[in-house]
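**Q** okay, sequence plus prediction incoming.
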Amino acid sequence: MARQNLINAQGERVAIVSGLRTPFVQRDTGFKSSYATDLGTMVTNELLSRMELDRRQIEQLVFGQVIQQPDIPNPSREIALALNMPYLQAYTISSSCLSGLQALVNVAGSILSGSISAGIAGGTDSISNAPFSISPRVIRKLQAIFKAPTLDKKFELFRQFSWRDLKPHGVNLKDYMTQLSVAEISEQMAQQYHISRQEQDEFARYSNEKAADAWRLGLLKAEVMPSFPRPYQDFVVSDTLVSAARKERYYQRFSPIMDKNYATVTEANMPKAVDGAAVVLLMREQRAKELGLSPLGYIRSYAITGNDIWQNMFMGATIASSLALERANVNLQDMDLIDIHETSASQMLVNLRLFESAEFAKNHLNRTACLGKIDEEKLNHLGGSIAFGNPRAATSLRILIQSLNALKRKGGGLSLVASSGLGGLGAAMVLESE
């Protein structure tokens, strides 16, 4: 594998100048009246205001969104228009929980090609405002009623409706091909690798403990904006953390999601679907220097991968990490921090084993040796998705922003960020901070 050379024709790196996110809040609470587009507009506007940057410097806006509104097909463009930036190239992508990183890679690619000098990558999702739909079968019945030539015929067709037909369908958060939910995939992985419920609960408890400590020490305050969402009656200033989740007895309240005697995955050892948005400002290195900006860091390498969906769908974090490390010409032990999206506790525990597995390295990674053992002190040391929640399109950017700010506080170094996602997707990035 050749080393990835992420510099433009002038020898400049892609600088991650700044990053910001909204608080991540539970559904139907602080952001219940705000669509994903509203959240994306709010955080983008705040980032640009804090940077005191002439908005004409921004040449591209790419947002990720997973839970899509049918009447807002391109929220990125709506965000650009709402911020009075109609000249922007703005488009939206969807790539499960790694949507934010994919948006960032797209903007970085535009910078590397010389197409732009500065752009913004973002991710935004609102589970509170997820759309409802009716089935195609019901739509056909309604069309037949409207087309019926007589009232008697219309009434006859109307009588064929059942209560089941009238029930609206919420957003489908399952994998489309397998029709497996995150919980079902996580249970599958837990059973295959013999991950106990006790191990999962302890991992989740530790994630919550680290996140609570990070907020208590003020380590996240600068990267999470105080938000004043619609209907503009109250502030949201921090993530919705569950204080009781730091205690072992909290996890005993929950029954397994799967109705089977051996099941281990519960709502407590998985992240909740929440509302939130995040953005990152990228520039070519020299442009940032010309503007007197001090970047958070630079992209050393990245990898976006796909893997099997029928078994171990969430092993993408390991596969992508292997490629990103190889492309950066570094080893796992060279990383000062490692931040991985916690799709679930079982997913994390399985991937930690895969990092250490020589067999997996040989059969799946084309490596002669395993990636190595992850130092627990370096892993998600300020908390992970189980604690913060998972606004799917924004999650991977939350991880990146958190990791780069932590590196900056340490005085620089290298960080690995990674995510798995539905559809057998994986993403990883090696970041450097000076």
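**A** Ah, there it is. Numbers count the residues shown, from 1 in each chain.
**Q** pLDDT below threshold where in the stretch 151-300 of the chain?
**A** Scanning the stretch 151-300 of the chain with the threshold set as pLDDT under 70 gives 166, 168-170.
**Q** would you map the strands across it?
**A** Using DSSP state E, counting those that start in this stretch, the strands found in the stretch 151-300 of the chain span residues 274-284, 297-306.
**Q** among those, which is the most enclosed?
**A** strand 274-284 (a mean of 30; mean count of other CB atoms under 10 Å). Quick note: C-beta positions are derived from backbone N, CA and C, even for glycine.
**Q** packing partners for that strand?
**A** strand 14-21, strand 25-26, helix 36-51, helix 99-113, strand 118-125, helix 392-410 (3 or more CB pairs under 8 Å, 6 or more residues apart in numbering; DSSP states H and E).
**Q** wait, Gln60 sits on Ala80?
**A** No: assessed by CB atoms under 8 Å, Gln60 is found out of contact with Ala80, at 9.7 Å.
**Q** quick one: which of those two has more around it?
**A** The residue with more neighbours, out of Gln60 and Ala80, is Ala80; 25 against 22, by other CB atoms under 10 Å.
**Q** kindly export the helix or strand encompassing Ala90 (C-alpha atoms) in PDB.
**A** Using DSSP states H and E, Ala90 falls within strand 89-93. This file holds the C-alpha atoms of strand 89-93, laid out as PDB (Å, rounded to 0.1, in the frame of the first residue of the first chain):
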ATOM      1  CA  GLN A  89     -21.600  25.200  -4.000                       C
ATOM      2  CA  ALA A  90     -23.700  23.200  -1.500                       C
ATOM      3  CA  TYR A  91     -24.700  19.600  -1.500                       C
ATOM      4  CA  THR A  92     -25.800  16.900   1.000                       C
ATOM      5  CA  ILE A  93     -24.700  13.300   1.400                       C
END
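**Q** buried ones in that strand?
**A** Neighbour counts over strand 89-93 (16 or more other CB atoms under 10 Å) mark Ala90, Tyr91, Thr92, Ile93 as buried.
**Q** that strand pairs with which strands, parallel or anti?
**A** Strand pairing for strand 89-93, determined by DSSP bridges: strand 60-64 (parallel).
**Q** what segments of the stretch 301-434 of the chain are strands?
**A** Using DSSP E, counting those that start in this stretch, strands in the stretch 301-434 of the chain cover 337-340, 413-421, 425-433.
**Q** related to what we said a few turns ago, between Gln60 and Ala80, what contacts are shared?
**A** Both Gln60 and Ala80 are in contact with Leu88, Ala90, where contact means CB atoms under 8 Å, 6 or more residues apart in numbering.
**Q** burial measure for Ile120, as a count.
**A** Ile120 - counted by other CB under 10 Å - has 28 other residues nearby.
**Q** which strand residues bridge it?
**A** Leu61, Leu281.
**Q** mind putting the buried residues of strand 89-93 into JSON lines with distance to Thr240?
**A** Below are the buried residues of strand 89-93 laid out as JSON lines (distance: CB to CB, whole Å):
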{"residue": "Ala90", "distance to Thr240": "30"}
{"residue": "Tyr91", "distance to Thr240": "31"}
{"residue": "Thr92", "distance to Thr240": "26"}
{"residue": "Ile93", "distance to Thr240": "27"}
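**Q** which one of the residues you listed sits closest to Lys210?
**A** Ile93 (30.3 Å; CB to CB).
**Q** isn't that closest one up against Leu104?
**A** No: assessed by CB under 8 Å, Ile93 is found out of contact with Leu104, at 10.7 Å.
**Q** export stretch 41-50 as CSV, just CAs?
**A** Presented in CSV, the C-alpha positions along stretch 41-50 are these (Å, rounded to 0.1, in the frame of the first residue of the first chain):
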residue,chain,number,x,y,z
THR,A,41,-27.8,26.7,10.1
MET,A,42,-27.4,27.6,13.8
VAL,A,43,-24.0,25.9,14.2
THR,A,44,-22.6,27.0,10.9
ASN,A,45,-23.5,30.6,11.6
GLU,A,46,-22.0,30.4,15.1
LEU,A,47,-18.7,29.0,13.7
LEU,A,48,-18.4,31.7,11.1
SER,A,49,-19.2,34.4,13.7
ARG,A,50,-16.6,33.1,16.1
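**Q** leaving out chain neighbours, which residue sits closest to Leu296?
**A** What sits nearest to Leu296 in space, not counting adjacent residues and going by CB to CB, 6 or more residues apart in numbering, is Leu404, at 4.2 Å.
**Q** all helices for the stretch 101-250 of the chain, in order.
**A** In the stretch 101-250 of the chain, the helices defined using DSSP state H, counting those that start in this stretch lie at 136-147, 151-158, 163-166, 182-192, 197-216.
**Q** so how far is the longest one off the chain centroid?
**A** Pointing back at helix 197-216 there. Mean-position distance between helix 197-216 and its chain equals 19 Å (CA atoms, centre = their mean, to the nearest Å).
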